[in-house]
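J.: Give the three-dimensional model of this entry:
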Amino acid sequence: MVFLPHGCKNNEECIVKNEKLEIKNDIAARSIQYALQVIHLYRELQQDEVGRVIGKQFLRSGTSIGANVQEAQGAQSKADFIAKMSIAYKEALESAYWLRIFERAKITSGGRLAGLVDETEQLIKIISAILITAKRGKKTA
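T.: Numbers count the residues shown, from 1 in each chain. Okay, the predicted model is just below:
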């Protein structure tokens, strides 16, 4: 006799649920790592007055991504999930904006920003895909 985890009717269903859980955990873990990178950059920006002011905006948007992803995981409804993930998406877009400003204003080197810019773009794509799936009526949470 094979015992399946709670809520699984067959092994294939369990695999699909496990893959969704891994994706859910991946975005949560990545958004936390991203927030830590944002905090490190913010600390570096404190040496410059403009960096301090704009850095604060970036700190707010960059750390808000993960906070909203976490809230979405505890959503009380599909609409609540979509609302929280939509906020995370908007915050990721705002973070991308501030990174472009840092680079073009030469507030910090483009080399220093490259990894953060790439991760921001990745988060935008992942959150966008989650939202598309959720709005189609498929369960993501």
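J.: and the residue nearest to Ile87 when sequence neighbours are not counted, what helix or strand is that in?
T.: Closest residue in space to Ile87, ignoring its immediate chain neighbours: Asn68 at 4.5 Å, by Cβ to Cβ, 6 or more residues apart in numbering. All C-beta spots, glycine's among them, are computed from the backbone N, C-alpha and C. Asn68 belongs to helix 49-73 when assigned by DSSP states H and E.
J.: Run through who's touching that helix.
T.: 24, 27-28, 31-32, 34-35, 37-39, 41-42, 44-46, 80-81, 84-85, 87-88, 91-92, 94-95, 98-99, 101-102, 105, 107-108, 123, 127, 141 (Cβ atoms under 8 Å, 6 or more residues apart in numbering).
J.: So for it, what gets flagged as buried?
T.: For helix 49-73, the neighbour count (16 or more other Cβ atoms under 10 Å) marks 51, 54-55, 58-59, 61-69, 71-73 as buried.
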